[in-house]
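[1] sequence-free structure coming up:
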């Protein structure tokens, strides 16, 4: 066996881990827009209340948009005066 073989495997493994980490940090595609010009404090309070009411314990970005938990969260946010909009930070 070539002495550099283990180093090549370690290099490929490191690159694979780096690529996997980058894949999970995709920029947001949507955001909540307030129809009532809510400030950051109010948004945070509304967001936390809706997460709690929908029994969500993880970051909302990890939820399937079709899941019952996300649908309950979305309905709560809509009731608080927010709409989910496409987001482009460019």
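    Cool, got the structure. Being a predicted model, the structure only gives us computed values, none of them experimental.
[2] how about residue 56, nearest residue that isn't a chain neighbour?
    Once flanking residues are discounted, residue 56 sits nearest to residue 69: 5.4 Å by Cβ to Cβ, 6 or more residues apart in numbering. Placement of C-beta: from N, CA and C, glycine included.
[3] so the one you found touches residue 53, yeah?
    No. Using Cβ atoms under 8 Å, residue 69 is not in contact with residue 53; the gap is 10.2 Å.
[4] of these two, who's got more company?
    Taking neighbours as other Cβ atoms under 10 Å, residue 69 and residue 53 compare with residue 69 leading, 16 against 13.
[5] element containing the more buried one, please.
    Using DSSP states H and E, residue 69 sits in helix 68-79.
[6] strands paired with the following helix or strand past that helix, and their directions?
    Sequence order places strand 82-86 as the next helix or strand after helix 68-79, per DSSP H and E. Sheet pairing of strand 82-86 (DSSP bridges) gives strand 30-34 (antiparallel).
[7] who does the nearest residue to residue 87 once chain neighbours are set aside form a beta bridge with?
    Computed as Cβ to Cβ, 6+ apart, the closest residue to residue 87 that is not its neighbour in sequence is residue 31, at 4.2 Å. Under DSSP bridges, the beta-bridge partners of residue 31 are residue 85.
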